[in-house]
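Participant: Sequence below, structure please.
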Amino acid sequence: MLLAPHASPVFGAAKTIDHEVAAFNALKKLGYLAQDADEFDLVQKLRVTRTKARSLLYQAALRTERSDDQNTAALKRILCEHEIAVDGKYFVVEIPDPLLLEDVRRRVRRAKAISDKSFSGSIARLTDRALAHLLVDILDRDSSRERNSKLTRGTHYTPKTLQDAVVKLLAEAAKKAIGDRVASSLVVLGQEIPRLLQEGWGALRPYLGGEGVSNPD
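Facilitator: Next comes the predicted model:
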């Protein structure tokens with residue numbers, strides 16, 4: 001692994017970063033670094049700055065082929081296992097993988113939703129609608145289109161789209177997390193998002209008028 005960059009594409013042509021990524025991957029293979037090592041692990045064990053650690057993680061990720069399904073699975077795991085907080089009108093979650101953070105930015109932009117201008121580093125700051133779009137996007141897309149169509153046609157459903165239902169879920173979860181106060185300080189969100197990602201669309205039943213999202217007319 002360490003010698004491979006010397007011959008790629010020809011001897012002496014590889015850049016310094018290629019050798020650094022090779023060493024980084026070798027250290028993970030040896031077990032010195034965890035497979036999911038974040039920038040703090042690199043700062044501690046490699047004695048580099050946090051900026052350098054983020055850059056190394058990003059460059060290593062760029063050189064690793066990952067499918068959209070793998071990114072989706074990684075996002076689900078982060079949203080289920082990491083704390084999600086409410087800070088004013090934004091939902092805040094830390095995403096250690098810099099390339100995955102770029103994937104979140106892409107999904108939010110594709111949905112024409114808005115994120116905070118400080119959406120940088122390892123922190124994603126999303127409005128309720130941006131987070132709702134992200135959650136719907138990483139769940140079953142084909143199923144979501146069909147269910148959205150049924151919700152739109154059904155007059156007895158109060159939210160007319162899955163995004164609106166998820167926004168309602170987020171509002172209730174945030175209210176539960178902070179009481180009836182305005183979300184002016186950083187507080188930990190409840191378990192509604194992990195439940196949605198684990199149970200699927202059935203978790204939206206309490207937030208829909210009518211018979212529920214699992215079997216709309």
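Participant: Residue 44 versus residue 50, what's the distance?
Facilitator: Per C-beta to C-beta, to the nearest Å, residue 50 is found 11 Å from residue 44. (Each C-beta comes from the backbone N, C-alpha and C, glycine too.)
Participant: Can you point out the helix or strand that includes residue 174?
Facilitator: In the assignment (DSSP states H and E), residue 174 maps to helix 162-178.
Participant: Tell me which stretches of this structure form strands.
Facilitator: Counting by DSSP state E, the chain has these strands, from start to end: 85-87, 90-94, 123-126, 187-188.
Participant: ok so, going back, buried residues in the helix holding residue 174?
Facilitator: For helix 162-178, the neighbour count (16 or more other C-beta atoms under 10 Å) marks 162-170, 173-174, 177-178 as buried.
Participant: what two of those residues are the furthest from one another?
Facilitator: Within these, 162 and 178 form the most distant pair, 24.7 Å apart (C-beta to C-beta).
Participant: quick one on the thing from earlier: make a markdown table from the strands of the chain and add mean pLDDT and mean neighbour count to it.
Facilitator: Listed next are the strands of the chain as a markdown table, based on pLDDT from 0 to 100; neighbours: other C-beta atoms under 10 Å:
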| stretch | mean pLDDT | mean neighbour count |
| --- | --- | --- |
| strand 85-87 | 82 | 19 |
| strand 90-94 | 87 | 20 |
| strand 123-126 | 89 | 21 |
| strand 187-188 | 62 | 13 |
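Participant: Out of the ones you listed, flag the one nearest residue 208.
Facilitator: Nearest to residue 208 among the strands of the chain is strand 90-94 (21.1 Å), distances taken as C-beta to C-beta.
Participant: Could I get the contacting residues of residue 4?
Facilitator: If a contact means C-beta atoms under 8 Å, 6 or more residues apart in numbering, then residue 4 has residue 22 as its contacts.
Participant: That one and residue 32: what is the separation?
Facilitator: From residue 4 across to residue 32, the span is 19 Å (C-beta to C-beta).
Participant: What is the burial count for residue 81?
Facilitator: For residue 81, the neighbour count with other C-beta atoms under 10 Å is 8.
Participant: Likewise for residue 198?
Facilitator: There are 11 residues near residue 198, going by other C-beta under 10 Å.
Participant: Wait, it touches residue 80, no?
Facilitator: Yes. The pair formed by residue 198 and residue 80 meets the contact definition of C-beta atoms under 8 Å, at 6.7 Å.
Participant: how much space between residue 168 and residue 17?
Facilitator: Counting by C-beta to C-beta, the gap from residue 168 to residue 17 is 46 Å.
Participant: so how far is residue 82 from the residue most central in space within the chain?
Facilitator: The centre of the chain sits closest to residue 75, judged by C-alpha atoms, centre = their mean, with a distance of 4.0 Å. Here residue 75 is placed at a distance of 10 Å from residue 82 (C-beta to C-beta).
Participant: try residue 21
Facilitator: In terms of C-beta to C-beta, residue 21 sits 26 Å off from residue 82.
Participant: Kindly report the same for residue 112.
Facilitator: 26 Å.
Participant: quick one, which of the two is more surrounded?
Facilitator: Just comparing residue 112 and residue 82: by other C-beta under 10 Å the higher neighbour count belongs to residue 82, 13 against 9.
Participant: Alright, that wraps it up for me.
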